[in-house]
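S.K.: Fold the stuff below for me.
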Amino acid sequence: MKSIKKILLSDGFNKSAASVISIIIGLLVGFIILLISNSTDAAHGFEIILKGGFSTGAKGMGQVLYFATPLILTGLSVGFAFKTGLFNIGAPGQFIMGAFAAVYVGVKWTFLPAPLHWMAALAAAALMGGLWALIPGLLKAYMNVHEVISTIMMNYIGMYLANYLIKLYIYDSKKALSLNVADSSVLPKGGLDYIFYNNLGPVKDMSTVNCGIWIALLVAVIMYIVINKTTFGYELKACGFNQNASKYAGINAKKNVVLSMVIAGMLAGLGGGLLYLSGASGRRIKVVDELAAEGFNGIPVALLGLSNPIGIIFSAIFISYITQGGNYLQTLNFAPEIIDIIIAVIIYFNAFSLYFSKLLPHLIKKGRSDKE
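M.R.: A predicted model of the protein is given here:
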């Protein structure tokens, strides 16, 4: 009993429970919106949301993992910066610049054989994302320019620069898209397409999931170890909590601020590479004046996962799961924005997680005292 009580009163359990409560409230609000929109199909629509990727069988779950892959990386990008006291809102710019670098290498570096080709493309994506985050890091460390302002500016610069570079080097003018990457640069399926598929008799409807999900999970585990089990991670968190105290302890705060932003940028850039090196011949970047949604979606993923790398894995999969449910929801003529509203409500109530995490131990203690 003491061990159970210890778990129930632990900080980790209460924070996780607070996130679960936020999810439940968000889903209830979503159900109310469905009732207001179309009371006849509301129950069926809510069932589709809860089924998520399962609505279309094994292939649907494969698609959940496929779309969760970049979210894990952008969530790690935002969450890692949070852990070190920084708000990296520049993930969209870092993401699209990393995507451009990956596609450029995928199109131009055909002299490399697989698997070296796709590995080089992913390395280029991470490097480009890190370089794009280096500028806000330097501005923050040496000129005290707030990272939110500088990263927002870098988002738009990155978007327009990526469009320009695509048109200059890897453009398909007929379709207003980037060129197809070489087959050797496409991420291998790793056998996952034969696990997540629907059997349609003589035809197998394969999912687009690939080894990118394994790479994302591996990176998340590495980031967890770095943040929680290394001296380097401790120094980064110390700078985030109090830069003056960390300076007094002999920690180079400026260097750690720059490194934190660069690592966050590398994670977002890698997410861009993992997304655009997927599919039969890779995804093609659209030349449009819109910031990458995957970059901004990393913010709710990090918030829901409490900036914990392991929590970010589950929150990314969850958001991808209900988003897929939202796509299927359109078969009942519901607006696709309903899922966005549900996610927004979940994040809104997750902002009260500190209150929930303090309230739960109080309720548990009160319940035990009443029994006694």
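S.K.: What are the boundaries of the helices in the stretch 1-150 of the chain?
M.R.: 2-8, 11-37, 42-51, 57-83, 91-108, 116-143, 147-169 (DSSP state H, counting those that start in this stretch).
S.K.: Please apply the same query to the stretch 251-372 of the chain.
M.R.: Listed in chain order, the helices of the stretch 251-372 of the chain (DSSP H, counting those that start in this stretch) span 253-276, 293-304, 309-329, 337-350, 353-371.
S.K.: Dump the helices of the stretch 1-150 of the chain to a markdown table, plus mean pLDDT.
M.R.: Listed next are the helices of the stretch 1-150 of the chain as a markdown table, based on pLDDT from 0 to 100:
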| stretch | mean pLDDT |
| --- | --- |
| helix 2-8 | 56 |
| helix 11-37 | 80 |
| helix 42-51 | 87 |
| helix 57-83 | 92 |
| helix 91-108 | 96 |
| helix 116-143 | 96 |
| helix 147-169 | 95 |
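S.K.: Show me where the stretch 151-300 of the chain dips below the pLDDT cut-off.
M.R.: Within the stretch 151-300 of the chain, the segments meeting pLDDT under 70 span 200-204, 280-282.
S.K.: For Ser55, give its distance to Asp41.
M.R.: Using C-beta to C-beta, to the nearest Å, Ser55 is found at 14 Å from Asp41. Placement of C-beta: from N, CA and C, glycine included.
S.K.: Name the surrounding residues that touch stretch 294-301.
M.R.: The contact list for stretch 294-301 (C-beta atoms under 8 Å, 6 or more residues apart in numbering) reads 70-79, 89-96, 155, 268, 271-272, 275, 312, 315-316, 319, 343-344, 346-347.
S.K.: and those residues, which are buried?
M.R.: Buried residues within the contacts of stretch 294-301, defined by neighbour count using 16 or more other C-beta atoms under 10 Å: 70-79, 89-96, 155, 268, 271-272, 275, 312, 315-316, 319, 343, 346-347.
S.K.: for the helices of the stretch 251-372 of the chain, which one ends up most surrounded?
M.R.: Counting by mean count of other C-beta atoms under 10 Å, helix 253-276 has the highest mean neighbour count of the helices of the stretch 251-372 of the chain, with a mean of 28.
S.K.: residues near the closest residue to Asp193 other than its chain neighbours, how many?
M.R.: Ranked by C-beta to C-beta, 6 or more residues apart in numbering and with sequence neighbours excluded, the top spatial neighbour of Asp193 is Met206, at 4.4 Å. Counted by other C-beta atoms under 10 Å, the residues lying close to Met206 total 15.
S.K.: bridging residues for Met206?
M.R.: Tyr197 (DSSP bridges).
S.K.: ok, Tyr171 touching Asn180?
M.R.: No. Between Tyr171 and Asn180 there is no contact under C-beta atoms under 8 Å: 11.9 Å.
S.K.: Just give me the neighbour total for the residue lying closest to Ala42 once chain neighbours are set aside.
M.R.: Excluding its sequence neighbours, the residue lying closest to Ala42 (C-beta to C-beta, 6+ apart) is Leu34, at 4.1 Å. Leu34 has 23 neighbours, counted by other C-beta under 10 Å.
S.K.: correct me, but Leu34 touches Glu47?
M.R.: No. Applying C-beta under 8 Å, one finds Leu34 not in contact with Glu47, separated by 10.3 Å.
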